[in-house]
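Trainee: Sequence and computational prediction follow.
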Amino acid sequence: MTRLGYQIPNFTYPGIPAERLFDTIVAQAKEADGSGFDTVFVMDHFYQLAMLGTPDQEMIEAYTLLSALAQHTSRVRLSALVTGNTYRAPALLAKTVTALDLVSGGRARLGIGAGWFELEHESLGFDFGTFTDRFERLEESLQIILGMLRSERPSLDGKWYQVREAINVPAPLSSIPVMIGGGGEKKTLRLVAQYADESNLICGVDEIPRKLAALSEHCERLGRDRSEITVSLQTYACIAPTHEEAVADLDAYIERNPAAGARRDAIVVGSPDEVKARFEQLLATGVDGFTVNLMPNGHIPGRVQLLGETLSPLVN
């Protein structure tokens, strides 16, 4: 199960035109593959996120990209962080993730969440619905997808989805781990306890103990062994060989993307020793590992490798 995942950031890299974008992404994936990360993640969005850029900036469809990255990596698992359930019918998503597993030699992971980016839905014609609608749909999807990934031919006459003896052939090469992203204590963590192998928490550091307690309570109520679930924390970092270089990378990033300044305090910034010390503190909160996004400088050659070599000893 994931304990150190690298999320390829943004796709908006300074000085990188569209025809060189994939090469820049591949370079990051290769560095992650060789430096101790166990999973490479990409965002599942169609518009750039407001805190990272504008809707008309670069964004690549996740599963096409992951399948391409499978041909340039050999060790890491590959996943969306996380798949927006509202974007694909569950049977299609099960087939898509299975195809990723096949073309990667058994390295697929399913990261999934309820979906949240309303502008994307409204602009592109995806049904958004209410908060409750989206979580009802996610639970029905999980029942279908998990059954198909396990070759169970599931049937469901649900409120949102209907399938009848859904066949998934060829079957996945591996037992595909399922990770649910988010930090909602009533809905999200209950779904984790019932269906998932991993929780990827999105929350403040001071909230972690409460989130872990809520997950344990759901597991106890459902009869699930809490130790079966790995909990990773979504994080952001900016690492460089020296503190001064890291700060300069971060300053340059915020100058290019002023909206990202609001997240400055949430980004772990510094030299390898500084970054390692902060992640050691985060690990002491009780999480099992991290997903890390190098928004400011992941595109700079060597930064992803430096991060992997710095953090992998903490979780391996």
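Mentor: Okay, I see it.

Trainee: For the closest residue to residue 295 other than its chain neighbours, which residues are in contact?
Mentor: In space, residue 295 comes closest to residue 9 once its chain neighbours are excluded; the distance is 4.5 Å by CB to CB, 6 or more residues apart in numbering. Every C-beta, even on glycine, is put in place using the N, C-alpha and C of the backbone. Listed by CB atoms under 8 Å, 6 or more residues apart in numbering, the contact set of residue 9 reads 52, 293, 294, 295, 298, 299.

Trainee: Go ahead and build a PyMOL selection from the buried members of the residues you listed.
Mentor: A single PyMOL command selects the buried members of the contacts of residue 9 (16 or more other CB atoms under 10 Å):
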select buried, resi 52+293+294+295+298+299
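
Trainee: Where does the residue nearest to residue 295 sit: helix, strand or coil?
Mentor: coil (DSSP: H, G, I helix; E, B strand; the rest coil).

Trainee: how about the contacts of residue 9 in a markdown table, adding distance to residue 85?
Mentor: Shown next, in a markdown table, are the contacts of residue 9 (distance: CB to CB, whole Å):
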| residue | distance to residue 85 |
| --- | --- |
| 52 | 22 |
| 293 | 21 |
| 294 | 27 |
| 295 | 24 |
| 298 | 27 |
| 299 | 29 |
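
Trainee: Please identify which of the contacts of residue 9 is nearest to residue 96.
Mentor: residue 293 (23.1 Å; CB to CB).

Trainee: Just list whatever residues bridge to the closest one.
Mentor: For residue 293, the beta-bridge partners are residue 7, residue 236 (DSSP bridges).

Trainee: State the distance from it to residue 260.
Mentor: From residue 293 over to residue 260 the distance is 11 Å, taken as CB to CB, to the nearest Å.

Trainee: For residue 1, report the pLDDT, please.
Mentor: Residue 1 is assigned 59 on the pLDDT scale.

Trainee: How about residue 155?
Mentor: 98.

Trainee: ok, it - contacts?
Mentor: Contacts of residue 155 (CB under 8 Å, 6+ apart): 163, 164, 165, 166.

Trainee: where do the helices sit along the stretch 201-316 of the chain?
Mentor: 208-222, 243-256, 272-283, 303-315 (DSSP state H, counting those that start in this stretch).

Trainee: If you average the pLDDT over the third one, what comes out?
Mentor: Confidence for helix 272-283, expressed as mean pLDDT, is 98.

Trainee: what does that helix rub up against?
Mentor: 205, 233, 235, 237, 239, 241, 243, 246, 268-270, 289-290, 306-307, 309-311, 314-315.

Trainee: Please compute how far the one helix or strand residue 189 maps to lies from its chain's middle.
Mentor: Using DSSP states H and E, residue 189 falls within helix 188-195. Distance of helix 188-195 from the chain centroid (CA atoms, centre = their mean, to the nearest Å) equals 16 Å.

Trainee: Could you do stretch 185-193 as well?
Mentor: Counting by CA atoms, centre = their mean, stretch 185-193 comes out at 17 Å from the chain centroid.

Trainee: Return the set of buried residues in it.
Mentor: Buried residues in stretch 185-193 (16+ other CB under 10 Å): 185, 187, 188, 189, 190, 191, 192, 193.

Trainee: what's that stretch in contact with?
Mentor: So stretch 185-193 is contacted by 113-114, 135, 138-139, 142, 180-183, 198-199, 210-211, 214-215, 218-219, 221-222, 224, 229 (CB under 8 Å, 6+ apart).

Trainee: average pLDDT for that stretch?
Mentor: In the prediction, stretch 185-193 has an average pLDDT of 98.

Trainee: swap in stretch 102-120?
Mentor: So the average pLDDT for stretch 102-120 ends up being 97.

Trainee: That's all I had, so thanks and see you.
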